[in-house]
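Visitor: The sequence isn't on hand, but the structure is:
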């Protein structure tokens, strides 16, 4: 009845389109396959990554085949409605195929403006113009699809047997829906044993929130803080995600728990003493969830009963980067896409297709609605992390605008998450903590606390030459600028974090703002004391329980507090880091576990990374920072945070009126051999 050659014609067109997709992707990705070959030579990629790669390639072929079958079905449906078109079946099929591809490309540009294929069309059609074309093509294509559906319905009506089957299936589905109902939420938390809900927001700096005076409103976080105990001067001991979260879980400095850089493979710390492990032992269920696992591989070994994350391993880097094709992009955030593209669904690093709601769907479907125990629930949102873009957010030229947009969107994402928790009765009796693991520097003036106008030179520096204590970045930052996080020990915007506690269904809290230096190390002892769980007090963290009543609004900050930087290759020291440069500059530092396929730091390179670290001691309003130099020495920088004055000469009167000698001794005692002469 219809042309038998239609399938072959459409397959030929589809194979040609597939080859075009691959060719364009390789070209626009700066020879992606060549890069992968080089990476393979350095990292010795194990064969255990192959099943994931084969599954991905098979999925791409499958969805292109399904597209062909879909167009054939549409063609047959259309000619069933208009029989005289049967002689033009092949032409109609190929026309629908072309129209469908154009619609897909336009839809990809509309929904995923950061896709490489969106850039392809943007040279021909600006996004605003392409939007009109997209809705025009989509309307026409949808009308033809409706026509095809009518055709198939008429065919079914002509065949009583198939009509009976069709109606029977509909009745079964209706009965199933009638009897299906979700389990009613049941919560086991009480006033004495509340749920502990920790919400982390990656790279969130407080001064970009409306509550702390930011120029843009963040209404949902601001509203949360209005009813919380907010610690306005919280800092992190190391401004990178994995070390910061380890300090949250252990209550220890990175130097003590040995988590001193991302992707550390060996943790010399008793994981039975982490916060989740202790709560497990005291009858809590423990859950950890995050939308980014590339550089922070937290799993069940840290004391969690359940993990809700994208898959961990090298294929996250490989397939997450590789998956940017028009058809698969449109499927990624669907229910089908969750299973076909697990390395892209709800995965923040795949910013081209990352939809903040997809991660929320993942949480909604995996969080238990019936809970027989109180729960420690930790969720970490990474939307505010570089590159500050996501699926529907096109990039601006200046990073500050991208960062502001990301902060506003994560404000909405956290609100939606809290509403999800409320609907499922997680907040009946709970302690909710909102924090950031670290802040962010985006080369604004003041992102480093050393302003040239406040520099105090010594007697040997009569011309007041600003010292080169920090290697110049590719963006030629000024002395009071900085970029990224974990890169500069004197960038307070990198180390200043959000920290707020709010009680739900529990008495005894008076919302207030508490000044004075606290840290992420204080979370564990605070929670354990609130739950009346005995634990050995570590020298790093302290309980903040006395500040929830509102009677005390200032924390004494006279004790020493130590911070350190992470390994920062030259490619990272920029507000616009290039992924390939970062990867290749540090490629010799990594290897891949052949069993787990996880990327990790080589043991032989750990000492080299530590030798590149900067260190600092905070005492009262003073910071003493030590910067390593190429000659195996360290440059000291002393800063007074209250006045802004600073120097690199510890023999000045300014330095002599500071506790610098005490701070030097404290640094050497705490960091030991890490401190150079």
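Guide: Happy to help now that I have it. Note that the structure is predicted; figures quoted are calculated from it, not measured.

Visitor: who's residue 504 bridged to?
Guide: For residue 504, the beta-bridge partners under DSSP bridges are residue 430.

Visitor: shouldn't it be in contact with residue 421?
Guide: No: checked against Cβ atoms under 8 Å, the pair residue 504 and residue 421 is beyond contact range at 9.4 Å. C-betas here are computed from N, CA, C, even on glycine.

Visitor: ok, these two, which is more surrounded?
Guide: Set residue 504 next to residue 421 and count neighbours by other Cβ atoms under 10 Å: residue 421 wins out with 23 against 20.

Visitor: ok, back up a step: any residues in contact with both of residue 504 and residue 421?
Guide: residue 427 (Cβ atoms under 8 Å, 6 or more residues apart in numbering).

Visitor: which non-adjacent residue is nearest residue 273?
Guide: Spatial nearest neighbour of residue 273, chain neighbours left out: residue 250 (7.0 Å); criterion: Cβ to Cβ, 6 or more residues apart in numbering.

Visitor: residues in contact with that neighbour?
Guide: Listed by Cβ under 8 Å, 6+ apart, the contact set of residue 250 reads 256-257, 259, 269, 273-275, 524, 538.

Visitor: From the residues you listed, which land in helices?
Guide: 256-257, 275, 524 (DSSP state H).

Visitor: Please tell me which one of those counts the most neighbours.
Guide: Ranking those using other Cβ under 10 Å puts residue 275 first, with 26 neighbours.

Visitor: Hmm, residue 302 and that one touching each other?
Guide: No: Residue 275 is beyond contact range of residue 302, at 9.1 Å (criterion: Cβ under 8 Å).

Visitor: tell me, what's touching these two both at once?
Guide: Between them, residue 275 and residue 302 share the contacting residues residue 249, judged by Cβ under 8 Å, 6+ apart.

Visitor: Would you agree residue 621 is in contact with residue 641?
Guide: Yes: counting by Cβ under 8 Å, residue 641 is a contact partner of residue 621 at 4.7 Å.

Visitor: Who has more neighbours out of those two?
Guide: Counting neighbours by other Cβ under 10 Å for residue 621 and for residue 641 shows that residue 641 has the greater number, 16 against 13.

Visitor: show me where pLDDT drops low in the stretch 101-250 of the chain?
Guide: Residue ranges of the stretch 101-250 of the chain with pLDDT under 70: 152-183.

Visitor: With the chain instead?
Guide: For the chain, the ranges with pLDDT under 70 are 1-4, 29-43, 152-183, 469-476, 537-539, 568-588.

Visitor: can you list the domains in it?
Guide: Following automatic domain parsing, one finds the domains of the chain at 6-179, 195-310+346-447+482-557, 570-674.

Visitor: Reformat those as JSON lines; add distance to residue 465.
Guide: Listed next are the domains of the chain as JSON lines, based on distance: least, Cβ to Cβ, whole Å:
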{"stretch": "domain 6-179", "distance to residue 465": "40"}
{"stretch": "domain 195-310+346-447+482-557", "distance to residue 465": "18"}
{"stretch": "domain 570-674", "distance to residue 465": "10"}
